[in-house]
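S.K.: Quick check, what structure comes out for this input:
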Amino acid sequence: MILSAARLSWGRLWIGLFAILSIGLLSATAAESADADSPVAPDYAGAKTSATQKQVSGDGPLAPDFAKGVTPKTAAKLRVGVNPSGPPVIFLQGNKVSGIEADLATYLGKSIGREVEFVQLPFHQLIPALLDNKIDIIMSGMSFTEMRAIRVNFSQPYMKVGQMPLVHRSELGKYSNTLGLLNTKGRVGVEKGTTGDLFVQENFIYAERVPYSDVNDAAKDLAAGKIDMVIDDSPIVWWLASENEDSGLAPMVVSLTEEYLAWAVRKDDLELLEECNTFLTQFRSSGDLHKVIKKWLPYATDL
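M.R.: Numbers count the residues shown, from 1 in each chain. Below you'll find the model as predicted:
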């Protein structure tokens, strides 16, 4: 009986030791599972951190950062269609496009964050170029008309003008009234495709219409006696009279029409149209539009 009791005591001892060893092995296995042998989440900094730790720290697997290494989209240039033959609205000073529209284009470009690129074209080719997406906007002393508005959208107007005759100073007293002017049988120079050209075609029924691509050439022919009159926008006529004062040219201070200069954009470019109108509203209310117009045209009637 004594031997049996001793054997029982040793058996219980071995069972206790086995239980202690089992608990130790289970703890070690759990620690390993939580550390060395656990799935490793990618660490984009180069180090490896366990998924468990990343979940606890909030630094779980990251989605790719598509913003890194991507260059911000550069705004496209603002291609401004001009016919720089109508000083002081738009013309060349040396090789530089200058005038009211050139200044306004520069301010508009800065306002909407686009670099301005002037594209020079004959006036009658401006709308076709716009529709063919060769330019983005026409800023070239273009008057709003209902017929033009069928093909393009116009911004709000920025200046009021009218058609005015340019003649020899000696002819100023020749026409006693507007009807006498319209009934002239002389040769009348116009810039092709302009509202002045259309006005002459519709109202100077006895005159010979002489079209020009550049109204400055018409003024030279008038000074040389090759034509009898030039019809164009009042700001252009005043400027040409000033340039050709020594040649005896002078404006007849009569407004044959009432027109409004505006900018033309494509029908599907509503974003640019809105940007133009927003710019003009702010530029007018600040007084800056008035300053630009008066800089080039101190006698103009602006809106």
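S.K.: can you give me the helices for the stretch 201-303 of the chain?
M.R.: Ranges of helices in the stretch 201-303 of the chain, per DSSP state H, counting those that start in this stretch, are 215-223, 234-243, 270-285, 288-296.
S.K.: Show me where the stretch 201-303 of the chain dips below the pLDDT cut-off.
M.R.: 300-303 (pLDDT under 70).
S.K.: follow-up on the earlier one: so which of the helices of the stretch 201-303 of the chain is nearest residue 257?
M.R.: Evaluated with Cβ to Cβ, the helices of the stretch 201-303 of the chain place helix 234-243 nearest to residue 257, the distance being 9.4 Å. Quick note: C-beta positions are derived from backbone N, CA and C, even for glycine.
S.K.: Please state the offset of that closest one from the chain centre?
M.R.: With Cα atoms, centre = their mean, to the nearest Å as the basis, helix 234-243 stands 29 Å off its chain's centre.
S.K.: that older thread, out of the helices of the stretch 201-303 of the chain, flag the one nearest residue 80.
M.R.: Of all those, helix 270-285 sits nearest to residue 80, with 11.2 Å by Cβ to Cβ.
S.K.: between the closest one and helix 288-296, what angle do the directions make?
M.R.: Angle, helix 270-285 to helix 288-296, by axes from the mean of the first three to the mean of the last three Cα atoms, to 10 degrees: 70 degrees.
S.K.: ok so, going back, to residue 113, which of the helices of the stretch 201-303 of the chain lies closest?
M.R.: Residue 113 sits nearest to helix 270-285 of all the helices of the stretch 201-303 of the chain, at 9.7 Å, using Cβ to Cβ.
S.K.: hey, what's the residue most central in space within the chain bridged with?
M.R.: Centroid-nearest residue in the chain: residue 78, 4.7 Å away (criterion: Cα atoms, centre = their mean). On the basis of DSSP bridges, residue 78 takes part in beta bridges with residue 116.
S.K.: Check residue 232 too.
M.R.: residue 164.
S.K.: Tell me the spacing between it and residue 110.
M.R.: 30 Å (Cβ to Cβ, to the nearest Å).
S.K.: between the two, which one's more packed in?
M.R.: residue 232 (30 against 12; other Cβ atoms under 10 Å).
S.K.: State the distance from residue 148 to residue 140.
M.R.: For residue 148 relative to residue 140 (Cβ to Cβ), the value is 12 Å.
S.K.: In TSV, list the helices of the stretch 201-303 of the chain along with mean neighbour count.
M.R.: TSV is the format used below for the helices of the stretch 201-303 of the chain (neighbours: other Cβ atoms under 10 Å):
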stretch	mean neighbour count
helix 215-223	21
helix 234-243	22
helix 270-285	16
helix 288-296	17
